[in-house]
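Undergrad: got a predicted model here, sequence first, then my questions.
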Amino acid sequence: MPEGHKTHFLARAHHELLAGEGVKVTSPQGRFRTEARKVSRRYLDSVSASGKHLFYEFEGGAIVHVHLGRYGKFRQHPSPPPKPVGQIRMRMIGPAASIDLTGPTTCRVIDAEIQQEVVNRLGPDPLAGGRKLDVWKNITQSGQPIGALLLDQSVVAGVGNIFRAEILFEAGLDPQIPGSSLSQESFDQLWKSLKRMMTVGLKYGKIIAVTASEAGMPLAKVPEDQRFRVYGQTECRRCCTPISSVEVGARRLYHCKHCQS
């Protein structure tokens with residue numbers, strides 16, 4: 001499932017490609033056809049992200065709300081686009097580029113009031129000015145494990161399974177520590193890691209947990225199989241201890257028992 005860095009990356013890219021233009025919106029698959037007609041050929045004013053949610057704001061107040069979920073994907077084409085292939089839920093066609101959306105959890109037309117309701121259910125988004133103090137309060141007021149709290153979008157928006165594993169490792173935190181037991185010092189390190197990794201993810205469009213110093217090369221050149229320290233790994237790259245996994249928050253979480261004790 002795409003995490004918060006990816007939705008912000010997509011919002012920036014799609015805004016640059018389509019905003020300020022009249023956009024033809026269709027639904028080759030057919031499931032979005034009626035709603036596509038509500039926005040088709042209107043000017044796209046802006047594209048923004050909140051956590052894992054994307055909002056395409058068209059003139060007249062209509063907003064296309066997209067949540068990619070586990071299987072949603074965008075594909076970019078030149079304009080005019082090729083003949084549709086596969087289950088394309090929504091196709092947006094601008095003068096110079098077109099974008100296809102397949103497999104989203106959510107794709108609907110909403111208004112500003114519903115958009116605000118969606119955003120209000122989310123916790124602070126570190127990539128959209130979310131405040132450190134608010135995240136601190138959300139975490140320390142709960143007795144749930146920190147590994148579960150990081151996946152709770154009402155606690156902090158945009159963190160998914162990869163980010164939480166890598167953030168907890170960098171902060172040296174046991175994923176089972178209750179949020180209410182987290183020290184200020186530990187939270188400060190957690191927040192620092194969270195901000196750094198999400199900012200790097202936004203810049204490169206993918207999660208790169210290691211630093212350039214660790215990798216021994218610029219981050220843009222880090223191979224795909226060397227981006228993570230613990231997620232999906234068998235051995236800790238720091239201490240060579242076998243990586244463990246445990247289910248926290250209904251998802252498998254990778255961690256090093258030696259470095260995160």
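TA: That came through fine.
Undergrad: quick one: the helices in the stretch 51-200 of the chain?
TA: 112-120, 132-140, 146-149, 161-171, 184-204 (DSSP state H, counting those that start in this stretch).
Undergrad: do you know which of the ones you listed lies nearest His15?
TA: With CB to CB as the measure, helix 184-204 is the member of the helices of the stretch 51-200 of the chain nearest His15 (13.6 Å). From N, CA and C alone the C-beta is placed, and that goes for glycine too.
Undergrad: give me the residues contacting the helix or strand following that closest one.
TA: For helix 184-204, the succeeding helix or strand toward the C-terminus, using DSSP states H and E, is helix 212-215. Helix 212-215 is touched from outside by Pro218, Leu219, Val222, Gln226, Arg237, with contacts defined as CB atoms under 8 Å, 6 or more residues apart in numbering.
Undergrad: what's the answer for stretch 76-86, then?
TA: Contacts made with stretch 76-86 from outside it, assessed by CB under 8 Å, 6+ apart, are listed as Leu17, Pro28, Arg91, Ile93, Gly94, Pro95, Ala96, Ala97, Ser98, Ile99, Asp100, Thr102.
Undergrad: burial check on the first one, number of neighbours?
TA: Read that as Leu17. 20 (other CB atoms under 10 Å).
Undergrad: for my notes, confirm it occurs in a helix.
TA: Yes: counting by DSSP: H, G, I helix; E, B strand; the rest coil, one finds Leu17 located in a helix.
Undergrad: ok, the residue nearest to it when sequence neighbours are not counted - contacts?
TA: Computed as CB to CB, 6 or more residues apart in numbering, the closest residue to Leu17 that is not its neighbour in sequence is Ala97, at 4.5 Å. Residues in contact with Ala97 (CB under 8 Å, 6+ apart) are Leu17, Leu18, Gln76, His77, Pro78, Ser79.
Undergrad: ok so, going back, in TSV: the contacts of helix 212-215, plus distance to Phe187.
TA: Output for those, formatted as TSV (distance: CB to CB, whole Å):
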residue	distance to Phe187
Pro218	30
Leu219	26
Val222	28
Gln226	29
Arg237	25
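Undergrad: could you pick out the buried ones from those residues?
TA: Members of the contacts of helix 212-215 that pass the buried threshold by neighbour count (16 or more other CB atoms under 10 Å) are listed as Val222, Gln226, Arg237.
Undergrad: I'd say the first one and Ile208 touch.
TA: When you say that, I think you mean Val222. Yes: using CB atoms under 8 Å, Val222 and Ile208 qualify as a contacting pair, with a distance of 5.7 Å.
Undergrad: which member of the buried ones among the contacts of helix 212-215 is positioned nearest Gly72?
TA: Compare each of these with Gly72 using CB to CB and the shortest gap goes to Val222, at 25.6 Å.
Undergrad: tell me the spacing between the closest one and Phe228.
TA: Computed as CB to CB, to the nearest Å, the Val222 to Phe228 distance reads 10 Å.
Undergrad: intersection of neighbour lists for those two?
TA: Common contacts of Val222 and Phe228 (CB under 8 Å, 6+ apart): Val210.
Undergrad: hmm, back to that, of the contacts of helix 212-215, just say which sits nearest to Gln116.
TA: Taking CB to CB as the measure, Gln116 sits nearest to Leu219 out of those, at 35.7 Å.
Undergrad: so what does the closest one have for phi and psi?
TA: Dihedral pair for Leu219: phi -60, psi -30, per degrees, to the nearest 10.
Undergrad: separation between it and Phe9?
TA: From Leu219 across to Phe9, the span is 15 Å (CB to CB).
Undergrad: same check on Pro78?
TA: Counting by CB to CB - Pro78 and Phe9 are separated by 20 Å.
Undergrad: and Thr241, how many neighbours?
TA: Applying other CB under 10 Å, we find 12 residues neighbouring Thr241.
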